[in-house]
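**Q** generate coordinates for the sequence data below:
(chains A and B)
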There are 2 protein chains.
Amino acid sequence: MGGASGQRVSDLDETELIARFAPLLPFGAATQVGPGDDAAVIAAPDGRVVVTTDLLVEDHHFRRHWGSAEDVGHRAAAQNLADVAAMGGTPTGLVVGLVLPPDTEVDWVLGFAAGLAAGCGERIGVVGGDLSAGERLMVAVTAFGDLGGREPVLRSGARPGDVVAHSGRLGWAATGYAALEADRTAEANDAVAAFLRPDPPLADGSAAAGAGATSLLDVSDGLLRDAGRIAAASGVAIDLDSTTLVDDVVAAAAAALDLDPLTLALTGGEDHGLLATFPPGTDLPGGYRSIGRVLAGTRVTVDDGAPPVQGLGWDHFRA
Amino acid sequence: MGGASGQRVSDLDETELIARFAPLLPFGAATQVGPGDDAAVIAAPDGRVVVTTDLLVEDHHFRRHWGSAEDVGHRAAAQNLADVAAMGGTPTGLVVGLVLPPDTEVDWVLGFAAGLAAGCGERIGVVGGDLSAGERLMVAVTAFGDLGGREPVLRSGARPGDVVAHSGRLGWAATGYAALEADRTAEANDAVAAFLRPDPPLADGSAAAGAGATSLLDVSDGLLRDAGRIAAASGVAIDLDSTTLVDDVVAAAAAALDLDPLTLALTGGEDHGLLATFPPGTDLPGGYRSIGRVLAGTRVTVDDGAPPVQGLGWDHFRA
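**A** Prediction:
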């Protein structure tokens, strides 16, 4: 971005920084009172509101030099909006807290705002926020949504006989992350872009609810681990069909990087696709594809076998 | 707290930490789906929801050694719930993001949860959250509330002739902060406690709305600066009566610490009292006391004079 290049947030006071940041943010179709007062007011047409919150900490969830400020803003919006969709909701708005080291470039902050706006699209508003100085860059987003008169779709409703279906990307972000860590991004361009800017199928949350999904969640920690959450909450087993999980992007990048594509698809997180179960015979809505079935039992298996991978998914406190 | 003393968050995985943290948190009278799924669902009975977010960064907004973990949790809840009240709303719930250095004691985290619960009271739920490792302790709270069918009370409705009224403490937190900085807490016990645990008059938000308040905000950055926000948003002047601003707690502590009590009352932030304007003749509700009047013009003055204090209030990016 041009204009004030080289300017740091410590060169501005909070009011000046907000005055440059706020106009980049979308107001939102459901927003009744936007930023600038003590709090915002958002429409909650059916008398309930879906609420979810997430943190992004520099060098834990992202590295600034890996991508642009727009990427970080986009990801912060997308991963929270995906959690709203994962209840069967339609996202309506979000608020953002931003901790900025004093030497952060103002252009980075404005790029972050542009990325948030891009992640929100036309109808979702950024209705408020808070800025603070701090030693480490950190983003806290809380997102809201509306259920459109339907019951929320929990993790606990899957029943033996249901179809397991997924909408969105599987293993792309993990492949991109591996490429970034290995400094071999040229061999996995699409996957790197997917890691930096997840693109969750937001409309497929309410679509699943409308089609009668019995359970639904956002795949943030890897398919096996998140399928295990549905299995545990519902008291069922889930068997996945390995032939449905690896797409061309992951297959090609994994071959180039000498990684196992099925492991990436089964254990890679951060794509924020939606994992759902539907009663047998349901016409799968939106972008859902069948990837397995719900059985009696308690485990997650692949191709009727035992769990193929140890150390599933992500843990933020252990290495 | 006893039991696992000395244990650090790095000794537990995220699931174990959440399993110990979550049971300490209140569910909330308005909560329909609580923590544990992708998102929570809160009742929004009048079809709108009030939303506000705030950050607390260690060594910027609090110091761990100044008070207990309970204090930090209590403050995190109170300052956000005050912003809901400052729209005329009744708080219904909050979500919390918590960044923890790996060497944080587990007992600190559990104490923080207990403080959040105490700040929420009987009816307000902690409906969700996110934990992350990070270098610096940081708290991000987003709070929600219901307007009970009334219009939100903005900062922009004050009119010449209105009464300016305040409910809550003025200058207590600033006095306590000064005592902590000077390491002279014994001379200002009540004020130190007020800094560590603000006690905003939460019920006086909806009470002000019910009594016809024309403007309302939460005094977080100091009375002069926040009165200036009402003046600017409403296009009015505000004159404050200095004889109404200094109470016994601030007078005694200021004398002991050799500080000017009126400056503390006018510029001290973080007490999260509510500043309102009411039409002339209104019977002031709840804990409101008259502290001045709304005039034609554009400035904030004291005793019909000029602004008495330079450098009003707080700025997070400049020293």
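**Q** look at the closest residue to residue A:247 other than its chain neighbours and report its pLDDT.
**A** With sequence-adjacent residues excluded and distances taken as Cβ to Cβ, 6 or more residues apart in numbering or on different chains, residue A:247 is closest to residue A:170, at 7.1 Å. Glycine gets a C-beta too; all of them are placed from N, C-alpha and C. pLDDT for residue A:170: 97.
**Q** for residue A:170, which residues are in contact?
**A** For residue A:170, the contact set (Cβ atoms under 8 Å, 6 or more residues apart in numbering or on different chains) comprises A:219, A:223, A:245-247, A:250, A:265, A:268, A:271, A:273.
**Q** domain ranges for chain A, per the record?
**A** For chain A, the structural domains run A:9-146, A:163-302, going by automatic domain parsing.
**Q** quote the end-to-end distance of the longest one.
**A** Distance across domain A:163-302, first residue to last, is 14 Å (Cα to Cα, to the nearest Å).
**Q** residue A:141: neighbour count?
**A** Residues within reach of residue A:141, counting by other Cβ atoms under 10 Å in any protein chain shown, total 32.
**Q** what residues are up against it?
**A** Contacts of residue A:141 (Cβ under 8 Å, 6+ apart): A:53-54, A:56, A:76-77, A:79-80, A:94-97.
**Q** what is the neighbour count of the nearest residue to residue A:246 once chain neighbours are set aside?
**A** Spatial nearest neighbour of residue A:246, excluding adjacent residues (Cβ to Cβ, 6+ apart): residue A:261 at 4.5 Å. Residues within reach of residue A:261, counting by other Cβ under 10 Å, total 22.
**Q** correct me, but residue A:261 touches residue A:243?
**A** No - counting by Cβ atoms under 8 Å, residue A:261 stays clear of residue A:243, with 11.9 Å between them.
**Q** check residue A:316 and give its pLDDT.
**A** 40.
**Q** actually residue A:308, not the one I wrote
**A** 52.
**Q** ok, back up a step: quick one: which of the domains of chain A is nearest residue B:34?
**A** Residue B:34 lies closest to domain A:9-146 among the domains of chain A, at 10.6 Å (Cβ to Cβ).
**Q** got the end-to-end distance for that closest one?
**A** 35 Å.
**Q** got JSON lines for the domains of chain A, with distance to residue B:301 too?
**A** Converted to JSON lines, those look like this (distance: least, Cβ to Cβ, whole Å):
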{"stretch": "domain A:9-146", "distance to residue B:301": "21"}
{"stretch": "domain A:163-302", "distance to residue B:301": "51"}
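**Q** out of those domains, which gets nearest to residue B:300?
**A** domain A:9-146 (16.2 Å).
**Q** angles on the backbone of the closest residue to residue A:152 other than its chain neighbours, please.
**A** Nearest non-adjacent residue to residue A:152, counting by Cβ to Cβ, 6+ apart: residue A:87, 4.5 Å away. With angles defined as degrees, to the nearest 10, residue A:87 sits at phi -100, psi 0.
**Q** helix or strand right after the host helix or strand of residue A:145?
**A** Secondary structure assigned from DSSP states H and E places residue A:145 in strand A:138-146. Note on strand A:138-146: by DSSP H and E, the next helix or strand toward the C-terminus is strand A:163-167.
**Q** and the longest helix for chain A?
**A** helix A:69-85 (DSSP state H).
**Q** name the nearest residue to residue A:214, sequence neighbours excluded.
**A** Nearest residue to residue A:214, sequence neighbours excluded (Cβ to Cβ, 6+ apart): residue A:157, at 4.1 Å.
**Q** residue A:42: which element?
**A** strand A:40-43.
**Q** give me the sheet partners of that strand and which way each runs.
**A** strand A:31-33 (antiparallel), strand B:48-57 (antiparallel) (DSSP bridges).
**Q** what's the most buried one of those?
**A** strand B:48-57 (a mean of 27; mean count of other Cβ atoms under 10 Å in any protein chain shown).
**Q** related to what we said a few turns ago, for residue A:264, see how far away the residue nearest to residue A:247 is.
**A** Look at residue A:170 and residue A:264: by Cβ to Cβ, to the nearest Å, they are 8 Å apart.
**Q** now for these two: what residues contact both?
**A** Taking Cβ under 8 Å, 6+ apart as the criterion, residue A:170 and residue A:264 both touch A:246, A:250.
**Q** burial count for the closest residue to residue A:274 other than its chain neighbours?
**A** In this structure, residue A:274 finds its nearest non-sequential neighbour in residue A:167, 4.8 Å apart by Cβ to Cβ, 6+ apart. Residues within reach of residue A:167, counting by other Cβ under 10 Å, total 23.
**Q** and the pLDDT for residue A:167?
**A** Per-residue confidence at residue A:167 stands at 98 (pLDDT).
**Q** enumerate every residue touching it.
**A** A:201, A:204, A:208, A:273-274, A:276, A:286-289.
**Q** hmm, try it at 6 Å
**A** For residue A:167, the contacting residues are A:201, A:204, A:273-274, A:286-288, by Cβ atoms under 6 Å, 6 or more residues apart in numbering or on different chains.
**Q** ok and the one helix or strand residue A:226 maps to relative to strand A:163-167, angle-wise?
**A** Applying DSSP H and E as the criterion places residue A:226 in helix A:223-234. Orientation check (axes from the mean of the first three to the mean of the last three Cα atoms, to 10 degrees): helix A:223-234 against strand A:163-167 gives 130 degrees.
**Q** ok, residues contacting the helix or strand just after helix A:223-234?
**A** The helix or strand immediately downstream of helix A:223-234 is strand A:237-240, counting by DSSP H and E. Residues from elsewhere that reach strand A:237-240 (Cβ under 6 Å, 6+ apart): A:164, A:227, A:231, A:291-295, A:297-302, A:304.
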